[in-house]
Each structure stands twice: as structure tokens, then as C-alpha cells.
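Visitor: Could you look at this predicted model? Sequence included:
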Amino acid sequence: MSSAEMEEEMKLLVINGPNINFLGIREKSVYGTQDYDYLLNMIGEKGQKEGCTIEVFQSNHEGAIIDRIQDSYFDGTEGIVINPGAYTHYSYAIRDALASISVPKVEIHISNIMEREDFRKVSVTAPACDKQIYGEGLEGYLMAIDYILAK
């Protein structure tokens, strides 16, 4: 086994907040018709292609998301992609958890939040991230992964 093969794979974490697990069910005109399993498979294939380990975590509970962000500090996570869902707009607790972690972080939104309701245009979590991607559909997740891998 070569030294390159012995190197550990880069470890990334994708966090999905409330209702993301309902892709393909909720508001198809906004979020598309692909379901959550499709997203999981797409991310899994990206990890295989790039030779990195990507864990996907989803919760509808703010505290569970904060716990997972904090756990990432200890478990070797080297980058975080987060779609905080509705928590984007008001969860200073998630923002503070993200700000506590020094790895590259990208906030992702499937829809174009700037063309939706006024409250969706404000993100309290984005300032704790290195980049924000929105309006690119599920492809935005792959763009976020590419951004982290390039850092």
C-alpha cells in the first residue's frame, strides 16, 4: 500500500435542518420533485468520486443540530455543508455553534431565497460560514462540497 493510499480520507459533514427530509413531498414547485433519498445518493456518489467521507445528518430539532455541530469539533470533521432550513432566519444558537468551529463551512439553500418571502432573505447563520450558495437546486450541495475540497 502506497503512502497516498494510507492517507486518511477527508471527512466532511452535511447537515440538513427541518423539513429537508421531506424533499419531493413538500412544495415541489419550490424544492423540486427529487426525494431525500435522491439527495443522499447524490452526496454519496460525490464522496466516492472525490475520495472523501461524507456523513449526512438531518434533524428537525434545533438542539440536535447544535449537538452535531459541536460533535464535529471532536470527530475529525474537516468541513461542513449546512442547510439550516427555517433555522437560517432566526437561530442564533446554530449560528453560535457554527462560529465555534474553525473548519470551512458553506450554507446551502435549494431555492433562491432572495426571490422569496422577505423573511427568507435574512440569514443569521451565513455570517458564521465561509460562503452561502442558494438557488442552485440540489446541485448547490455539490458546489458546496467542491468549495470545501478546494480550500
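Guide: All right, it came through fine. Residues are numbered from 1 along each chain as shown.
Visitor: Now do residue 59: how many residues are near it, please.
Guide: For residue 59, the count of nearby residues is 18 (other CB atoms under 10 Å). (Each C-beta comes from the backbone N, C-alpha and C, glycine too.)
Visitor: Isn't it up against residue 69?
Guide: No - using CB atoms under 8 Å as the test, residue 59 is too far from residue 69 to be in contact (10.9 Å).
Visitor: list residues touching both of those two?
Guide: Residues touching both residue 59 and residue 69 (CB atoms under 8 Å, 6 or more residues apart in numbering): none.
Visitor: Three-state assignment for residue 124, please.
Guide: Of the three states, residue 124 takes coil under DSSP: H, G, I helix; E, B strand; the rest coil.
Visitor: Can you give the contact residues for the lengthiest helix in the chain?
Guide: Longest helix in the chain by number of residues, with DSSP state H as the criterion: helix 36-50. Contacts of helix 36-50 from elsewhere in the structure, counted by CB under 8 Å, 6+ apart, are 10, 12, 14, 20-24, 53-54, 56, 58, 138, 141-142, 145, 149.
Visitor: Among these, which are located in helices?
Guide: 141, 142, 145, 149.
Visitor: Nearest to residue 78, out of these: which one, please.
Guide: Lowest distance from residue 78 to these (CB to CB) belongs to residue 149, with 9.4 Å.
Visitor: And the pLDDT for that closest one?
Guide: At residue 149, the pLDDT value in this model is 97.
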